[in-house]
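[1] Prediction below, plus the sequence it came from.
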Amino acid sequence: MAQPYTLKKSLGQHFLHDENMCRKIVSEVTRKPGMQLLEIGPGGGAITKYLIEWQDVQYKAIEIDDEKVVYLTKTYPVLQGKIIQQDILKADAPFADRFSIVGNFPYNISSPILFKVLDWETQVDEVIGMFQKEVAQRVAAGPGSKDSGILSILIQAFFKVTYLFDVHENCFNPPPKVKSGVIRLENLGNPHDITDKRKFIILIKAAFNQRRKTLRNALKSTLPPEALIDPIMDKRAEQLSVTDFVRLHKQYQCQ
Ligand code: SAH
């Protein structure tokens with residue numbers, strides 16, 4: 001089928017063309033009257049066209065590709081002034097107060113997008129996001145799982161994560177080589193009362209960067225010497241829960 005635009009592999013442009021799947025993703029967004037909603041990477045408008053039907057929702061999008069921004073505003077005039085043409089990784093929060101996020105995210109920047117969500121955590125109520133399946137599973141993984149990693153702990157410290165469903169390759173044009181999955185993040189309101197996010201991130205990264213080693217080895221240049229005699233240091237990062245990491249973070253100052 002002829003497209004009125006080009007598809008750019010470098011920007012992760014795999015566009016959804018299965019309308020049932022588009023509607024299924026949109027139906028996962030928790031819709032509240034007056035809410036503010038950001039779509040990341042609207043592309044050809046696969047889910048955008050459903051989202052803008054919601055009269056009681058304030059919609060904005062961030063899309064890096066000017067060709068798609070021109071196409072979208074021409075095809076859906078209501079989008080005039082609502083699409084910010086920018087790299088999401090360089091963007092400021094597009095709303096002054098709370099908002100939700102939805103998107104079929106460019107897979108090459110999955111982790112940076114999740115760090116952006118963490119950055120905006122005090123403002124983000126909910127994320128409905130499609131990722132490469134492995135990334136989605138990693139974010140949702142519990143402690144003790146081999147999939148548990150930096151992003152599982154960091155995201156789960158602030159959000160309840162639910163793996164919603166798989167999305168088959170054939171739902172996209174062109175079909176991606178990897179499998180896809182959609183997850184929901186629900187903001188828990190900083191339940192662990194983490195006050196220094198930056199230091200919490202340093203701790204988690206150091207622990208998982210040498211995930212095969214005991215924490216005593218992995219954290220010896222990150223935590224002070226008295227931390228290293230803590231019995232939990234015999235374990236490996238993937239064996240710890242969010243609560244375990246929060247305790248280490250609060251009890252011992254990162255150096
Ligand atoms: N939501 C559409 C498109 C998904 S493809 C659909 O489901 O069909 C991913 C989209 O993200 C593309 O439109 C791509 O141009 C956009 N994109 C890629 N990198 C980006 C970035 N750094 N910032 C904002 N948008 C980006």
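    Right, received. Where do you want to start?

[2] What count of nearby residues applies to the nearest residue to residue 109 once chain neighbours are set aside?
    Spatially, and ignoring its direct neighbours in sequence, residue 109 is nearest to residue 89 (6.5 Å; Cβ to Cβ, 6 or more residues apart in numbering). From N, CA and C alone the C-beta is placed, and that goes for glycine too. Other residues near residue 89 come to 12 when the count uses other Cβ atoms under 10 Å.

[3] Could you report the distance from residue 89 to residue 136?
    19 Å (Cβ to Cβ, to the nearest Å).

[4] For the nearest residue to residue 196 once chain neighbours are set aside, which phi and psi angles does the backbone take?
    Distances taken as Cβ to Cβ, 6+ apart put residue 249 closest to residue 196, at 7.8 Å, once the chain neighbours are dropped. Per-residue torsions, residue 249: phi -60, psi -40 (degrees, to the nearest 10).

[5] Equivalent analysis for residue 37, please.
    Backbone geometry at residue 37, expressed as degrees, to the nearest 10, gives phi -130, psi 130.

[6] got the residues of the stretch 1-150 of the chain near the ligand?
    Proximity of the stretch 1-150 of the chain to the ligand (Cβ under 6 Å from any ligand atom) is limited to residues 11-16, 41-44, 46-47, 62-65, 68, 87-89, 104, 106, 109.

[7] shaky segments in the stretch 151-255 of the chain?
    255 (pLDDT under 70).

[8] which residue ranges form the helices in it?
    In the stretch 151-255 of the chain, the helices defined using DSSP state H, counting those that start in this stretch lie at 197-209, 215-218, 242-251.

[9] quick one: which of these is nearest the ligand?
    Between the ligand and the helices of the stretch 151-255 of the chain, the shortest separation by Cβ to the nearest ligand atom is 20.9 Å, and it involves helix 197-209.
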